[in-house]
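# I'll drop the sequence and a predicted model, then ask my questions.
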Amino acid sequence: MNAKIVVLPGDGIGPEVTAAAIQVLEAIAEKFGHSFEFDEQLIGGIGIDEAGSSLPDATLAAAKSADAILLGAVGGYKWDDPDATDRPEKGLLKIRKELGLFANLRPVKIHPDLASASPLKAEKLEGVDLLVIRELTGGLYFGESKRWTDADGEEHAYNTMVYSASEIRRIVDLAFKAAQGRRGKLSSIDKANVLDVMRLWRKVVMESAEDYPDVEVEHVLVDAATMHLLNRPASFDVMVAGNMFGDIITDEASMLPGSMGNLPSASLGSDNNRLGHPRGLYEPIHGSAPDIAGQGIANPLGTIMSAAMLLRHSFGLEAEAAAIEAAVDATLSAGHRTGDLAHGDETALNTQQMTEKVLSFL
Ligand code: IPM
Ligand code: MG
């Protein structure tokens with residue numbers, strides 16, 4: 001297979017972790033006889049600095065013609081001014097929207113040897129294997145918003161959470177299908193006791209459920225869901241949530257395995273690439289970690305696992321994806337740790353050393 005991957009290293013540790021994932025993708029290409037072309041483009045803070053925009057036109061054009069996109073992270077202290085007109089995060093939201101990537105898949109699995117790195121007791125973690133499906137192009141992130149100063153000089157602002165039934169239905173359908181391919185349980189996260197928009201959400205889920213009689217559905221209020229993620233995480237299979245709630249519960253869920261450094265994500269839409277698969281955007285969920293940027297010590301596993309998701313969802317290369325996942329698994333089983341995972345007297349490997357361990361198991 002010949003395929004083109006647009007790489008958006010972005011800010012903070014983004015360039016370090018995408019460089020690691022590229023090494024792994026190159027090794028896969030060699031091992032399985034593929035050829036991957038990497039086209040590096042700007043996004044986020046570095047886009048603002050070097051091209052005057054958090055999503056330069058050239059980046060968007062390249063992304064639209066790519067077979068898949070691999071992203072590092074965006075954001076950093078330098079661009080944190082609350083009054084700035086452009087922000088690194090704006091570029092990320094815009095590329096999601098422009099590419100129609102409405103579904104964000106965030107799987108959370110626990111490597112048994114890492115259970116001690118989790119803030120939860122090991123017995124709570126047994127059997128944890130969940131997939132959060134977060135709506136990514138609507139809701140509070142994209143509703144009408146405004147900031148203004150009134151005649152007395154006081155500042156005001158609002159955002160609105162808005163969903164159409166069809167926007168809800170397409171993400172919920174995808175979640176039901178995912179549940180069918182897993183353990184057959186769907187937990188829909190809402191706030192139907194308070195918000196109109198969430199009553200519509202629940203109604204659509206109940207209607208869609210009729211098409212999937214083999215899936216067990218539960219409706220969980222978002223506040224209760226954050227609690228259940230801590231007291232019964234193994235009871236979740238697929239969780240589906242709107243944009244804002246999904247953002248929050250995935251950070252919480254990411255702590256179950258001890259570090260968010262290992263966790264990948266895929267953002268998919270309904271547009272296919274040249275290969276007949278969804279043109280997705282793949283990124284670790286950890287963010288730019290400006291506190292450790294440039295030191296070469298970031299955990300590359302979340303991005304490497306994102307590269308595996310890329311091969312599976314955008315290229316249809318299941319064996320190659322599974323090979324990466326098995327290599328990461330073996331790396332952890334062999335006791336190799338980056339700083340975020342090491343504790344006690346465990347040695348902390350740097351990004352390149354950890355990447356080489358993964359390559360050695362491929
Ligand atoms: C995420 C991040 C982003 C989001 C930020 C960086 C805009 O937190 O992907 O979860 O809120 O969606
Ligand atoms: Mg987030």
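Good, I have the coordinates. None of these values were measured; they are calculated from a predicted model. Ligands and ions are numbered 1, 2, ... in the order given.
# elements contacting the longest helix along the chain?
Looking across the chain with DSSP state H, the single longest helix is helix 14-32. Other helices and strands packing on helix 14-32, by 3 or more Cβ pairs under 8 Å, 6 or more residues apart in numbering; DSSP states H and E, are strand 2-10, strand 35-40, strand 68-73, helix 301-313, helix 318-333, helix 351-361. (Each C-beta comes from the backbone N, C-alpha and C, glycine too.)
# does ligand 1 sit close to it?
No - counting by Cβ under 6 Å from any ligand atom, ligand 1 is not contacted by helix 14-32; separation bottoms out at 11.2 Å.
# okay, now Met244: neighbour count?
For Met244, the neighbour count with other Cβ atoms under 10 Å is 18.
# which parts of the helix or strand where Ala62 lies are buried?
Taking DSSP states H and E as the criterion, Ala62 maps to helix 57-64. Using 16 or more other Cβ atoms under 10 Å as the burial criterion, the residues of helix 57-64 that qualify are 59-60, 62-63.
# any idea of the angle that helix forms with strand 68-73?
130 degrees (axes from the mean of the first three to the mean of the last three Cα atoms, to 10 degrees).
# before we move on, the earlier item: which of the helices and strands packed on helix 14-32 is buried the deepest?
Neighbour counts (mean count of other Cβ atoms under 10 Å) averaged over each of the helices and strands packed on helix 14-32 peak at strand 68-73, with a mean of 29.
# wait, Ala319 sits on Lys31?
No - using Cβ atoms under 8 Å, Ala319 is not in contact with Lys31, being 10.2 Å away.
# And the residue of the stretch 201-350 of the chain closest to ligand 1?
Asp247 (4.5 Å; Cβ to the nearest ligand atom).
# That residue sits in which helix or strand?
helix 243-254.
# from the chain's centre, how far out does the helix or strand just after that helix sit?
Once the chain leaves helix 243-254, the next helix or strand it forms, by DSSP H and E, is strand 264-268. Relative to the chain's own centre, strand 264-268 is displaced by 5 Å; criterion: Cα atoms, centre = their mean, to the nearest Å.
# ok, residues contacting strand 264-268?
96, 101-107, 136, 250, 278, 280-285, 302-303, 305-306, 308-310, 313 (Cβ atoms under 8 Å, 6 or more residues apart in numbering).
# helices and strands of the chain: which one bottoms out on pLDDT?
Lowest by mean pLDDT, DSSP states H and E among the helices and strands of the chain is helix 122-125, with a mean of 91.
# Which strands or helices does that helix pack on?
Partner elements for helix 122-125 (3+ Cβ pairs under 8 Å, 6+ apart): none found.
# where does Met161 land in three-state SS?
Three-state call for Met161 (DSSP: H, G, I helix; E, B strand; the rest coil): coil.
# pLDDT score assigned to the residue nearest the centre of the chain?
The residue lying closest to the centre of the chain (Cα atoms, centre = their mean) is Ser265, at 3.0 Å. pLDDT for Ser265: 97.
# Quick check: the residue of the stretch 1-150 of the chain nearest ligand 1.
The nearest approach of the stretch 1-150 of the chain to ligand 1 comes at Glu89, 3.7 Å away (Cβ to the nearest ligand atom).
# now the angle between strand 264-268 and the helix or strand harbouring that residue, please.
Glu89 belongs to helix 88-98 when assigned by DSSP H and E. Relative orientation of helix 88-98 with respect to strand 264-268: 50 degrees, computed using the same axes, to 10 degrees.
# Residues touching helix 88-98, excluding its own?
8, 10-11, 43-45, 47-48, 53-55, 59-60, 63-64, 69, 71, 74-76, 79, 101, 136-137, 141-142, 267, 281, 288.
# Contacting ligand 1 as well, which ones from those?
Contacts with ligand 1 are made by Gly75 out of the contacts of helix 88-98, judged by Cβ under 6 Å from any ligand atom.
# Please list only the buried members of the contacts of helix 88-98.
Buried among the contacts of helix 88-98 (16+ other Cβ under 10 Å): 8, 10-11, 43-45, 47-48, 53-55, 59-60, 63, 69, 71, 74-76, 79, 101, 136-137, 141-142, 267, 281, 288.
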